[in-house]
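**Q** need coordinates for the following:
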Amino acid sequence: MPVTTCENCGALYQWSWREAFDKFGFGDGDGQVETYQVEAVLRQAGYDVETQQWGLHNTVITSIRRDGKELIGYDKPGVTVGYDDPRCYLPDDIIDLLDRELPDGEEFL
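**A** Numbering: from 1, shown residues only. Alright, predicted model coming up:
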């Protein structure tokens, strides 16, 4: 899990890039939300990214596009985006990018 300094207490805060796609990620939005870090990695790689605040819950990445094509698998049978593991509906190249750029145990400030 990536590690960030907690904005409130200064301790290390561990999180996963998958939480940026999960309605209940980052402590259901009550924790330190790091969706912007995931969004930045995707944008730097040339993707167009949209996020939405889901009520009082987490800020969630709701669209990833390249060349006008939606890459989040909204059309995959049996998958509910925002609830299921993004490894089930994101393309392999995006998963590989996020695993590489936001690896477990790596510190991000």
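**Q** what is the burial count for residue 10?
**A** Neighbours of residue 10 under the rule other Cβ atoms under 10 Å: 8. C-beta here means a position set from N, CA and C on the backbone, and glycine is covered the same way.
**Q** ok, residue 15 next?
**A** There are 23 residues near residue 15, going by other Cβ under 10 Å.
**Q** likewise for residue 79?
**A** Other residues close to residue 79 by other Cβ under 10 Å number 15.
**Q** what helix or strand does it sit in?
**A** Following DSSP states H and E, there is no helix or strand that holds residue 79.
**Q** skipping adjacent residues, who's closest to it in space?
**A** residue 89 (4.7 Å; Cβ to Cβ, 6 or more residues apart in numbering).
**Q** spatially central residue in this structure, please.
**A** Closest residue to the average C-alpha location of the chain: residue 20 at 2.7 Å, with Cα atoms, centre = their mean.
**Q** a helix runs through that one, doesn't it?
**A** Yes - per DSSP: H, G, I helix; E, B strand; the rest coil, residue 20 lies within a helix segment.
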